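**Q** Provided below for reference: sequence and predicted model.
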Amino acid sequence: MKAKLDRIRQQVQEQILNCDSTEKLNEIRVSILGKKGQLTDLLKSMKDVAPEERPKVGQMVNETRGEIERILEEQKTKLERALREAKMKAEVIDVTLPAKKNEMGHRHPNTIALEEVERIFIGMGYEVVEGPEVEKDYYNFEALNIPADHPAKDEQDTFYITGDILLRTQTSGVQVHEMEKGKLPIRMIAPGRVFRSDEVDATHSPSFHQIEGLVIDKDITFADLKGTLAEFARELFGEDTKVKFRPHHFPFTEPSAEMDVTCFKCGGTGCRFCKGSGWIEILGCGMVHPHVLEMSNIDPETYVGFAFGVGLERIALLKYEIDDMRLLYENDIRFLKQF
Amino acid sequence: MNTALSWIKAYVPELDCTDQEYCDAMTLSGTKVEGYVRRDKNLEKIVVGQIVSIERHPDADKLIVCQVNIGAETLQIVTGAPNVKVGDKVPVVLGGGRVAGGHDGGPLPENGIPIKAGKLRGVPSNGMMCSIEELGSDRNMYPEAPENGIYIFPEDTQVGADAVEVLGLHDTVFEYEITSNRVDCYSVLGIAREAAATFRKPFVPPVVEAGGNGEDVHDYVSVEVKDTDLCPRYLARVCKNIKIAPSPEWMQRRLAASGIRPINNLVDITNYVMEEYGQPMHAFDLDTIAGRKIIVRRAKDGDEFQTLDGQMRKMDGEVLMICDAEKEIGIAGIMGGENSKITDNVKTVLFEAAIFNGPNIRKSAKRIGLRTDASGKFEKGLEAHNAEEAINRACQLIEELGCGEVVGGMVDVSEPLPEKKVLAFCPEKYNKLLGTSVTEEEMFEIFKRLDIEVNRKADGSAELVIPYFRQDLNCDADIAEEVARFYGYDKIPTSLPKGEATTGKLSYKLRIEQKARDIAEYCGFSQGMCYSFESPKVFDKLLLPAEDELRNAVTISNPLGEDFSIMRTLPLNGMLTSLSTNYNRRNRNVKLYELGNIYLPKSLPLTELPEERMQFTLGFYGDGDFFTMKGVLEEFFVSVGMRKQPEYDPKAGKPFLHPGRQALVKYEGVVLGYLGEVHPEVLDNYEIGTKAYIAVLDMPAVESFTTFDRKYEGVARFPAVSRDLSMVVPKEILVGQIEKVIRQRGGKLMESCELFDVYEGEQIKPGFKSVAYSVAFRANDRTLEESDVSAAMKKILNGLEQMGIELRQ
């Protein structure tokens, strides 16, 4: 009996190891272990074995069966693996073929620059607010210390709708709207569209954007203004950026200043970009004029503040090295896709 | 304002710095230097030479060979210049030297023109004699220079001297940007005063004395100011026995450097004093003044007046005129009249130095269309005391230059002159505002430099007495700025605001707009920006009917042109123009969006501000269709928490859209905007040669439905049952109507209904279409029974049948 079993096992093992497909393997399984298989037949013939021998024989048959099943399983795994290998080999792709993209759109460079600025000031606790683009003369001029006969009114080349209603020439009027709300302290920036009657050319547009900043609190100093804007410049233009404050004049701030930053092209050594000076003029700022506070019903003896105004296009043009302002309003997709 | 540094140094003699140091220091103390030009740039090895002999060139008719004595030696120089003769003293560039430009006076090359010794037609030439143009200047500035040819020096010029020095070209012209508050700095003396304060050097202004002979000016002329509101001060002095001649070289050079052409001694003196003091003056020929009387009054509406440039100009009742007893003789502060102008035969001159109302001069100059150097100064609002100094200075120069005899006394018709302002000295306030700890002594030292007097009182306090010329100093903050300027803006420390913490954030409106940008870009749309103003012709281009309300636009009264004259009432023109630009540049598949305001007047003409409504506008051509656009809108709605199904009403009534391919977008019954295919005629109007689609959402309408609140509603644990619905539908029924019925009747158990097929064609009878939906049901708490589903389906089917829809089995 044992010899017979060994013979079957050897014979089957040889068949299995020579088998090259899972289908054939299955056939072998059936022919040995199936209902009519050799081993099953052998088990059926147990009745011919002496009763005392039966457990021993049964064990031998089962061992052989176990052995065969193990070999079958091994071979099956081997065949399947080979099959998968072959399949994958056939599935090799050219990974350098073009990518399939969900063609995303692109933000306007102005918006990218604005969001940078917003991120910086939001981080410093500023709220981003807005004001009207069509504005009353009072908010654009008078409440900012620019009375009717002030030369600054002419300098700004204002578009008028009526004698009293105009297209705002600066976002500074939002300062007044915020102060009039009477909620103190104030830390705000106000981005928005402004209008001046400049003919369109590479550096001028009758419509452009400014970002106004205003802080009103007790104990605000010019040193705070310097510190805040220096921080802003470093965040926007890089850690090594230095700033320079020069005295200037704006009717609604006193003292007033203009801020230059070290040229981010040459780092301050002087180049064509900064016209050799190493510095680039970036914004106007100053301490809110006490009369402006008074007009908006804020007591200048208790509260002080600073304000600043940045030209958004100026930042976008400088930062992204755009050489013609007209590109910003043409909306040529080849331009927009570069941002 | 342009001024030679040498002129500044005349009043700050100890000033000693490089051009760059001067530029930097002045800018940091508040007198911004825009740039500077060295007048001797590229002028190298140029000396005064005297022509000893002239011979004809053996081989060239137009050339001559000169022997030129340059002091140490005599050089042979060949020239083609026609104007030189033996004995002339001329500028000579030596071999290896350099000149600034060519003899034709074109633009100056950056590195000048090098001059080498060489041969001209075979004859050695060891240098070059120069014209004024080759020296980088022109006849406007050096009127004595000949029109074509070599510059000739006066006979007494020393041979061998530095020619550039003799011409006064070793100098630098600085260009300043003066801020509008510093009226005093629109003058050489003002800038010099700032320079002295900046460099801590003594300021030495000219010593001016009234002078004059024993006569009384009142015997020569009388002055009456009728409109004192426009002329608070009028000063007049008289000079007689005038001898017109060129002014001295030093005066000519200073004027030339400031860009003012020297004319003659009288004109130059008035211009010189205007530059020096910032006070414009006018000179009348006294013999032309009827009745020897000056009357200052407003013009009459419609008056015509001939200014001294020969032009007839129309006046109105707000223009201030200078008149004599009979007629108008000048436009106050702007330009004198042809009828009283100075000629070379003038004998007696009336000098006027007046103060006119700045805004009035500005507006008059604008209305008349004549802006002059004088009006530019007057419109800033001049200081009254300075006028007296200036007119006396002019008379002093008349005497000093031998131009005439000054009559004693001055006619002075003035409103009460302002007194010196006095401000309390508040050092703590200045330091508190600046964030500094500048000591009182430092402050006093700064005030001294600025001519601000300090009056200390017995109680320890002090007052600051502000000099007349500082009209800009009126409050503590102004004084703090003076302290800061001379303490140094760069020395003020840096800090960050302390105090109550505030929350940094975007306003809610801006958050929604940010979402709109994110979604549009995710869907492939790039952000454009368009102008807020446009042409009224836009309405015709967009086929808006004549009576359409959107034609009521806010109109700009002084636009740049018709194309920028109205504030847009709908955002389509910008979008279509942008698409057109791209189409005509052959860009394919262009998808754009814009977030920008429209401006809707509440009434016209405007009595209150118009309504500004933010519009989210999308437009594209190329890949995609109506439903692509619809998809973008729905993605956006979901992103801002609008999870209900929007409705689409095809009766949008938009004339600029394809009549069969447009829809209003509604949410909970409220119109949020519209979308559609652009009308073919509109496409033609914009020269877009392909189908284009646009969508516009009115953001304020959208905003009211938005929320950033999110709530988890559980994930279904029980299986869904789905049923397919296949039907034959009259063509005119919209799937939107079918869906509405399915949703209404599907009950709580219905989870979703999805359209999976719409078909019109052969197998379907004419006038009908086949529509198929997959409807899914699910309960949150149990597995659905067949009976649940069939009950719901029955309700749906009944509803559909009532619409005349046949169900296909």
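**A** Okay, I see it. Numbers count the residues shown, from 1 in each chain, chains lettered A, B, ... in the order given.
**Q** residues contacting the residue of chain B found nearest chain A?
**A** Closest approach of chain B to chain A (Cβ to the nearest Cβ) occurs at residue B:435, with a separation of 2.8 Å. C-beta: built from backbone N, CA, C; applies to glycine. Contacts for residue B:435 were tallied using Cβ atoms under 8 Å, 6 or more residues apart in numbering or on different chains; they are A:221-224, B:492-493, B:495.
**Q** centroid-wise, who is the farthest residue in chain A?
**A** residue A:50 (83.4 Å; Cα atoms, centre = their mean).
**Q** just say helix, strand or coil for the closest residue to residue B:444 other than its chain neighbours.
**A** Spatial nearest neighbour of residue B:444, chain neighbours left out: residue B:454 (5.6 Å); criterion: Cβ to Cβ, 6 or more residues apart in numbering or on different chains. What DSSP: H, G, I helix; E, B strand; the rest coil gives for residue B:454 is strand.
**Q** can you pull up the bridge partners for residue B:454?
**A** When assigned by DSSP bridges, residue B:454 has beta-bridge partners residue B:464.
**Q** the domain parsing of the chain - what is it?
**A** Using chain A. For chain A, automatic domain parsing gives the domain ranges A:2-90, A:109-336.
**Q** ah, I was thinking of chain B
**A** According to automatic domain parsing, the domains of chain B span B:2-39+B:172-199, B:44-166, B:217-414, B:422-491, B:508-703, B:721-807.
**Q** against residue B:786, how distant is the residue lying closest to residue B:722 once chain neighbours are set aside?
**A** If you skip the residues right next to it in sequence, residue B:722 has residue B:776 as its closest partner in space, 4.4 Å away by Cβ to Cβ, 6+ apart. Distance check for residue B:776 against residue B:786: by Cβ to Cβ, to the nearest Å, it reads 15 Å.
**Q** comparing those two, which shows the higher neighbour count?
**A** residue B:776 (16 against 8; other Cβ atoms under 10 Å in any protein chain shown).
**Q** was I right to think the more buried one contacts residue B:725?
**A** No. Counting by Cβ atoms under 8 Å, residue B:776 stays clear of residue B:725, with 11.3 Å between them.
**Q** list the contacts for the residue lying closest to residue B:301 once chain neighbours are set aside?
**A** Leaving aside its chain neighbours, residue B:301 sits nearest to residue B:317 (4.6 Å; criterion: Cβ to Cβ, 6+ apart). Shown in contact with residue B:317 (Cβ under 8 Å, 6+ apart): B:298-301.
**Q** ok, these vs residue B:387, which is closest?
**A** residue B:298 (20.9 Å; Cβ to Cβ).
**Q** which residues touch that closest one?
**A** So residue B:298 contacts B:226-227, B:230, B:317-321 (Cβ under 8 Å, 6+ apart).
**Q** list only buried entries from those residues.
**A** B:227, B:230, B:319-321 (16 or more other Cβ atoms under 10 Å in any protein chain shown).
**Q** looking at the residues you listed, which is nearest residue B:506?
**A** Nearest member of those to residue B:506, counting by Cβ to Cβ, is residue B:230, at 51.2 Å.
**Q** how many neighbouring residues does residue B:506 have?
**A** Neighbour tally, residue B:506, other Cβ under 10 Å: 16.
**Q** who does the closest residue in space to it that isn't next to it in sequence bridge with?
**A** The shortest distance from residue B:506 to any non-neighbouring residue, by Cβ to Cβ, 6+ apart, is to residue A:128 (4.8 Å). Bridge pairing for residue A:128 (DSSP bridges) gives the partners residue A:189, residue B:506.
**Q** list the contacts for residue A:128?
**A** Taking Cβ under 8 Å, 6+ apart as the test, what residue A:128 contacts is A:118, A:121-122, A:188-191, B:505-507, B:510.
**Q** so what pairs up with the closest residue to residue A:159 other than its chain neighbours in the strands?
**A** Nearest non-adjacent residue to residue A:159, counting by Cβ to Cβ, 6+ apart: residue A:167, 4.2 Å away. Assessed by DSSP bridges, residue A:167 has beta-bridge partners residue A:134.
**Q** which of the three states applies to residue 236?
**A** With no chain named, the answer covers chain A. helix.
**Q** nope, chain B please
**A** Residue B:236 ends up strand, using three-state DSSP.
**Q** quick check: it vs residue A:136, distance?
**A** Taking Cβ to Cβ, one finds residue B:236 at 45 Å from residue A:136.
**Q** which one's more surrounded, the two?
**A** More crowded of residue B:236 and residue A:136, by other Cβ under 10 Å: residue B:236, with 25 against 18.
**Q** what's the local residue count around the closest residue to that one other than its chain neighbours?
**A** Counting by Cβ to Cβ, 6+ apart, residue B:411 is the residue found nearest to residue B:236 once chain neighbours are left out, at 4.1 Å. With neighbours defined by other Cβ under 10 Å, the count for residue B:411 comes to 19.
**Q** I'd say residue B:411 and residue B:224 touch.
**A** No. Contact criterion Cβ under 8 Å: residue B:411 and residue B:224 do not qualify, at 10.2 Å.
**Q** give me the contacts around stretch B:651-665.
**A** So stretch B:651-665 is contacted by B:542-545, B:548, B:572, B:626, B:633, B:646-650, B:671-680, B:682, B:694-695, B:697 (Cβ under 8 Å, 6+ apart).
**Q** buried subset of those as a PyMOL selection?
**A** Buried residues among the contacts of stretch B:651-665 (16+ other Cβ under 10 Å), as a PyMOL selection:
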select buried, chain B and resi 542+544+572+626+633+646+647+648+672+673+674+675+676+677+678+679+682+694+695+697
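**Q** picking that back up, just the domains of chain A: most buried one?
**A** Mean neighbours per residue, mean count of other Cβ atoms under 10 Å in any protein chain shown, is largest over these for domain A:109-336, with a mean of 20.
**Q** that domain: end-to-end distance?
**A** Using Cα to Cα, to the nearest Å, one end of domain A:109-336 lies 8 Å from the other.
**Q** rewinding a little: spit out the residues that contact residue B:411 and residue B:224 alike.
**A** Joint contacts of residue B:411 and residue B:224 (Cβ under 8 Å, 6+ apart) do not exist.
**Q** which of the helices or strands spans the nearest residue to residue A:6 once chain neighbours are set aside?
**A** Residue nearest to residue A:6 in three dimensions, not counting chain neighbours: residue A:64, with 7.9 Å by Cβ to Cβ, 6+ apart. In the assignment (DSSP states H and E), residue A:64 maps to helix A:54-90.
**Q** next structured bit after that helix?
**A** Following helix A:54-90 in sequence, per DSSP H and E, is helix A:109-123.
**Q** neighbouring contacts of that following helix?
**A** A:107, A:128, A:189, A:191, A:209, A:211, A:213, A:231-232, A:235-236, A:310, A:312-313, A:315-316, A:319-320, A:322, A:328, A:339, B:504-506, B:517, B:527, B:529.
**Q** in chain A, which helix or strand is least confident?
**A** helix A:151-155 (a mean of 70; mean pLDDT, DSSP states H and E).
**Q** before we move on, back to that, among the contacts of helix A:109-123, which ones are in helices?
**A** A:231-232, A:235-236, A:312-313, A:315-316, A:319-320, A:328, B:517 (DSSP state H).
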